[in-house]
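Student: missing the sequence, but the structure's below:
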């Protein structure tokens, strides 16, 4: 069973699965189509990746994919802590350009969900952070787009300053949201 808390922007959820303890440790669900559907997540996830951030302050910028490969995203931390951001990039949305954030951790077992139409990024808060990333569409390089992680118009309070952030190379030259032509 999952418990979902809506974040400040519709389409973003903080999800907590039940954890079952026994004499050997514990178990916790990551994905169950029926149980997630009960809390409002109806996407089918088709691509799983494990991402490793070696240092605290590693930043993956704000990325999204265009239709027909728009992606819902489900993130869970396998080790460490993660600051997660999702920016609404749906032009007709009443929350267009607004960012929702959350901190998730291995110890808290939280998951961060963003429906299609959000650019998602994160910053590792611990050394050796491991992340499970599930998406509802395969990565399509020709449809992948990005937004500058430090775009001042987004007013994101990142836990790391631009001077010390270790930004992924692919995210260093992304345009500001205002300069985007290809939005959903």
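Tutor: On my side now, so go ahead. None of the values given here were measured: they were computed from a predicted structure. Numbering: from 1, shown residues only.
Student: All the helices of the chain, in order from the start?
Tutor: In the chain, the segments counted as helices under DSSP state H are 33-38.
Student: Which residues are in contact with the spatially most central residue of it?
Tutor: Centroid-nearest residue in the chain, with CA atoms, centre = their mean: residue 120, separated by 4.6 Å. Residue 120 sits next to 62-64, 73, 75, 84-86, 114 when contact means CB atoms under 8 Å, 6 or more residues apart in numbering. In short, each C-beta sits where N, CA and C put it, glycine included.
Student: Tell me if I'm right that residue 145 and residue 62 touch.
Tutor: No: applying CB atoms under 8 Å as the test, residue 145 and residue 62 come out as separate, 9.3 Å apart.
Student: circling back: can you lay out the contacts of residue 120 as CSV showing neighbour count, distance to residue 20 and pLDDT?
Tutor: Formatted as CSV, the contacts of residue 120 follow (neighbours: other CB atoms under 10 Å; distance: CB to CB, whole Å; pLDDT from 0 to 100):
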residue, neighbour count, distance to residue 20, pLDDT
62, 27, 35, 97
63, 21, 34, 96
64, 28, 35, 96
73, 23, 26, 98
75, 23, 22, 98
84, 26, 25, 98
85, 26, 31, 98
86, 28, 29, 98
114, 25, 27, 98
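Student: Just send the residues you listed back as TSV, with distance to residue 128 too.
Tutor: Converted to TSV, these look like this (distance: CB to CB, whole Å):
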residue	distance to residue 128
62	24
63	23
64	27
73	22
75	17
84	18
85	21
86	24
114	25
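Student: Mind checking which of those land in strands?
Tutor: 62-64, 73, 75, 84-86, 114 (DSSP state E).
Student: With respect to residue 164, which of those is nearest?
Tutor: residue 85 (17.4 Å; CB to CB).
Student: Just list whatever residues bridge to the closest one.
Tutor: Counting by DSSP bridges, residue 85 forms beta bridges with residue 101, residue 121.
Student: can you pull the contacts of it?
Tutor: 62, 99-101, 120-122, 156, 158.
Student: top of those by neighbour count?
Tutor: Within these, neighbour counts (other CB atoms under 10 Å) peak at residue 122, which reaches 29 neighbours.
Student: First-to-last residue distance for stretch 45-64?
Tutor: Using CA to CA, to the nearest Å, one end of stretch 45-64 lies 15 Å from the other.
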